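> I would like to see how this sequence folds:
(one chain, ligands or ions: 1)
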Amino acid sequence: MSAIVEEIRQAYATVGVVLDQRATYGTYYRLLCGGCGRMVGNVGDRLLPGMAQALVDGQFDLYAAGLLGCPCGHQQKRTQALDATRWRAGRERLGVATGAGR
Ligand SMILES: [Zn+2]
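Alright, predicted model coming up:
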C-alpha cells in the first residue's frame, strides 16, 4: 500500500469510514461504513500529501449531521466522540435537531 493510500486510509478511519480494496477500474478505492460495512462512496488516490486529512476534516459537519456517511449512524457517533462541541455546532449549522430541549 502506497504512502498516500495509507494516509487516505487513516484520514477516513477517524470518522469511522473504512478504505476497501482498490476498485477493479482505475485508481479508485471503495469507502465502507466502519459500523456495518455498507458502501458509502469512493475516493481516488490521486491526492497530494495532506489533502486526504483536509478533505475528511472539511466534511466533518456533514458526517456529524448524517448528511454524509452511512444511514446506520456510525459516522455520526464517531464524529461526536471525536469532538462533541464541533459536532453539535456542525449539526446546528446544517439545521439538524440535536435532540435537546424537546
Ligand atoms: Zn453503517
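> contacts, neighbours, all on C-alpha from now
Will do.
> so how far is Q53 from V43?
13 Å (Cα to Cα, to the nearest Å).
> please, where are all the helices along the protein?
3-13, 51-58, 60-65, 74-82, 84-93 (DSSP state H).
> quick one: R22 and L31 touch, right?
No: using Cα atoms under 8 Å, R22 makes no contact with L31, being 9.8 Å away.
> neighbour-wise, which of the two wins?
L31 (22 against 17; other Cα atoms under 10 Å).
> touching, that one and V43? I think so.
Yes: the criterion here is Cα under 8 Å, and L31 meets it with V43 at 7.0 Å.
> just name the most buried of the helices of the chain.
Among the helices of the chain, judged by mean count of other Cα atoms under 10 Å, the one packed with the most neighbours on average is helix 60-65 (a mean of 25).
> show me what from the chain comes close to the ion.
Counting by Cα under 5 Å from the ion, the residues of the chain close to the ion are C33, G35, C36, C70, C72.
> would JSON lines of those with pLDDT be doable?
Shown next, in JSON lines, are these (pLDDT from 0 to 100):
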{"residue": "C33", "pLDDT": "98"}
{"residue": "G35", "pLDDT": "98"}
{"residue": "C36", "pLDDT": "98"}
{"residue": "C70", "pLDDT": "98"}
{"residue": "C72", "pLDDT": "98"}
